[in-house]
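Student: Pasting the sequence and the predicted model now:
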Amino acid sequence: MKTSFPRQDIRVLLLEGVSQSAVDTFHAAGYSQVEVYPKSLPEDQLRAKIADAHIIGIRSRTHLSAEVLADARRLMAIGCFCIGTNQVDVEAAELAGIPVFNAPYSNTRSVAELVVAEAIMLLRGIPQKNAECHRGGWSKSALGSHEARGKTLGIVGYGHIGTQVGVLAESLGMQVLFHDIEAKLSLGNARSATSLDDLLARSDVVTLHVPETPSTKLMFGAAEIAAMRPGAHLINASRGTVVDIDALDAALRSGQVGGAAIDVFPVEPKGNDDAFESPLLGHDNVLLTPHVGGSTLEAQDNIGIEVAAKLVRYSDNGSTLSAVNFPEVTLPEHIGSHRLLHLHRNMPGVLSKVNEVFSREAINIDGQYLRTTANVGYVVIDVAATEEQAAHLRSELSKIEGTLRTRVLY
Ligand SMILES: NC(=O)c1ccc[n+]([C@@H]2O[C@H](COP(=O)([O-])OP(=O)(O)OC[C@H]3O[C@@H](n4cnc5c(N)ncnc54)[C@H](O)[C@@H]3O)[C@@H](O)[C@H]2O)c1
Ligand SMILES: O=C(O)CC[C@@H](O)C(=O)O
């Protein structure tokens with residue numbers, strides 16, 4: 001299939017050790033210029049690299065702020081090879097006409113399995129016992145050790161991960177309570193708590209599965225910790241900004257929190273060679289993991305294929321299905337003609353000006369697709385036209401007031 005911009009000229013930049021399956025997916029689709037880095041880049045290097053990239057793939061450590069995106073003059077699409085998209089200024093990307101794609105499900109099972117395993121470990125006091133054995137100690141005792149069966153697990157954020165944690169925990173015989181800001185269908189015998197405080201007062205283990213948003217920033221602080229059952233356990237595999245880490249440190253020292261399993265931190269190293277620092281270092285009753293909730297080979301492999309395929313589809317065909325910041329359009333293949341893409345600020349009158357261009361140039365429209373969000377509109381127009389006509393149409397479309405970006409395919 002012919003594209004207006006040959007695939008071998010499209011530069012793909014993949015950071016943070018994105019899976020080889022993504023590289024393979026791009027290569028198989030004819031994208032040969034794929035540059036791969038094992039970690040996130042310092043901001044000055046990122047700004048220099050992104051200036052030449054057409055497609056960028058990141059995980060959770062690379063911050064694509066409005067300032068960084070301002071340097072990304074050629075950038076066509078962003079792929080977050082993970083669930084969270086909080087590391088990207090998605091609105092700035094939208095206003096620059098750049099869709100952001102992610103993998104909303106591929107690692108959810110991996111997180112859920114780890115969390116349930118951690119709940120068992122914490123209830124048994126295994127982190128302390130493990131630390132003691134490593135020091136040559138031996139305290140064989142049932143004191144403070146409990147079965148998971150019959151205990152209550154409180155899930156804060158009952159979405160894709162929270163619900164799976166609930167199902168797995170119930171299979172162990174745990175009681176499951178959840179709290180969410182949205183009304184949610186309970187799976188199995190899980191019950192909605194009447195409030196966050198209600199959940200905290202009734203749970204033996206509390207696990208957090210909310211996204212990073214303004215409303216979840218530091219949502220779990222001294223007051224919420226004080227509302228937990230004395231000696232209950234806390235698991236956080238959501239985002240490091242959700243928990244007040246100093247308040248947790250104090251509560252672990254006082255015994256208000258019996259133990260914790262923490263996978264995400266307010267400040268995380270940029271890559272595996274950098275040092276990790278946290279007030280939680282040195283607590284025997286805390287399981288610390290380096291943001292690996294979703295890091296299984298199965299999940300990373302699937303994420304690589306899923307996100308790379310979405311980026312290839314957008315680049316080849318214009319489809320934006322499942323973009324997190326953009327009007328979603330699923331487009332059929334269009335062979336033997338041209339497809340024009342017009343991204344514009346969502347303001348009255350743009351569509352009629354787009355159509356005026358085609359009637360003025362006497363080019364018949366074979367198919368037209370339009371979707372808008374509050375900020376932007378995305379029109380896709382299929383036409384039977386020569387290459388010269390398509391190039392001319394594109395140049396006329398780009399003159400319309402409010403135009404953010406135009407592309408021509410095939
Ligand atoms: N540790 C890891 O490696 C890892 C892996 C995957 C995802 N995550 C994190 O886990 C988060 C959750 O993932 P998911 O797939 O379950 O997301 P999701 O969007 O399916 O679920 C999140 C739920 O939280 C709820 N919520 C939002 N704000 C809330 C609030 N203030 N109080 C209570 N509930 C609130 C939402 O309504 C939703 O039901 C992701 O956003 C990501 O940050 C971490
Ligand atoms: O792979 C990562 O860096 C992030 C994993 C996880 O936090 C996600 O948002 O999916």
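Tutor: Right, received. Where do you want to start? Ligands and ions are numbered 1, 2, ... in the order given.

Student: which residues touch I55?
Tutor: Contacts were defined as CB atoms under 8 Å, 6 or more residues apart in numbering; by that measure I55 touches 10-13, 75-79, 311, 315. To be clear about C-beta, it is placed using only N, CA and C from the backbone, and glycine gets the same treatment.

Student: Distance of it relative to R405?
Tutor: I55 sits 14 Å away from R405 when distances are taken as CB to CB, to the nearest Å.

Student: now the stretch 1-150 of the chain, which segments are flagged as low pLDDT?
Tutor: Screening the stretch 1-150 of the chain residue by residue with the criterion pLDDT under 70, one finds the ranges 1-4.

Student: correction: the stretch 201-350 of the chain
Tutor: Judged by pLDDT under 70, the stretch 201-350 of the chain has its weakly predicted residues at 335-336.

Student: the helices in it, which residues?
Tutor: Chain-ordered helices for the stretch 201-350 of the chain, with DSSP state H, counting those that start in this stretch as the definition, fall at 222-226, 245-254, 297-317, 350-360.

Student: Buried deepest among those helices, which one?
Tutor: Per-stretch averages of neighbours, counted by mean count of other CB atoms under 10 Å, single out helix 297-317 among those, with a mean of 21.

Student: which one is F358 nearest to, not counting chain neighbours?
Tutor: Using CB to CB, 6 or more residues apart in numbering and skipping the chain neighbours, the partner closest in space to F358 is I365 (5.5 Å).

Student: for the one you found, what are its contacts?
Tutor: Counting by CB under 8 Å, 6+ apart, I365 touches 355, 358, 381-383.

Student: ok, so what distance separates whichever residue of the stretch 151-300 of the chain sits closest to ligand 1 from E91?
Tutor: Taking CB to the nearest ligand atom as the measure, the point where the stretch 151-300 of the chain comes nearest ligand 1 is G159, at 1.8 Å. In this structure, G159 and E91 are 22 Å apart, going by CB to CB.

Student: Looking at the stretch 301-410 of the chain, which residue is nearest ligand 1?
Tutor: I303 (9.9 Å).

Student: so that residue touches G79, yeah?
Tutor: No - counting by CB atoms under 8 Å, no contact exists between I303 and G79, whose distance comes to 9.5 Å.

Student: Quick check: neighbours shared by the two?
Tutor: Contact with both I303 and G79 is made by residues A22, according to CB under 8 Å, 6+ apart.

Student: Just give the nearest non-adjacent residue to L218, would you?
Tutor: For L218, ignoring the flanking residues on the chain, the nearest one in space by CB to CB, 6+ apart is D244 at 5.2 Å.

Student: actually S238, not the one I wrote
Tutor: Excluding its sequence neighbours, the residue lying closest to S238 (CB to CB, 6+ apart) is L208, at 4.7 Å.

Student: what's that neighbour in contact with, if anything?
Tutor: Listed by CB under 8 Å, 6+ apart, the contact set of L208 reads 156-157, 220, 234-238, 242-243.

Student: how far does the helix or strand harbouring V379 sit from the chain's center?
Tutor: Under the criterion DSSP states H and E, the helix or strand holding V379 is strand 376-383. The chain centroid and the centroid of strand 376-383 are separated by 27 Å, computed with CA atoms, centre = their mean, to the nearest Å.

Student: what does stretch 293-307 give?
Tutor: What separates the centre of stretch 293-307 from the centre of its chain is 12 Å, taken as CA atoms, centre = their mean.

Student: Mind exporting the C-alpha coordinates of it to CSV?
Tutor: As requested, C-alpha coordinates have been extracted for stretch 293-307 and formatted as CSV (Å, rounded to 0.1, in the frame of the first residue of the first chain):
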residue,chain,number,x,y,z
GLY,A,293,3.1,-4.5,39.2
GLY,A,294,2.5,-4.8,35.5
SER,A,295,6.0,-6.0,34.6
THR,A,296,5.6,-9.6,33.6
LEU,A,297,6.9,-10.9,30.3
GLU,A,298,3.3,-11.8,29.3
ALA,A,299,2.0,-8.3,30.0
GLN,A,300,4.9,-6.5,28.4
ASP,A,301,4.8,-8.6,25.3
ASN,A,302,1.0,-8.0,24.9
ILE,A,303,1.4,-4.3,25.6
GLY,A,304,4.1,-4.0,23.0
ILE,A,305,2.0,-5.5,20.3
GLU,A,306,-1.2,-3.7,21.3
VAL,A,307,0.2,-0.2,21.5
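
Student: Could you list the residues in contact with that stretch?
Tutor: Around stretch 293-307, the neighbours that count as contacts under CB under 8 Å, 6+ apart are 18-25, 57, 79-83, 101-103, 106-111, 114-115, 237, 263-264.

Student: Please flag which of those sit within helices.
Tutor: Secondary structure of the contacts of stretch 293-307 is defined by DSSP state H; positions in helices are 20-25, 108-111, 114-115.
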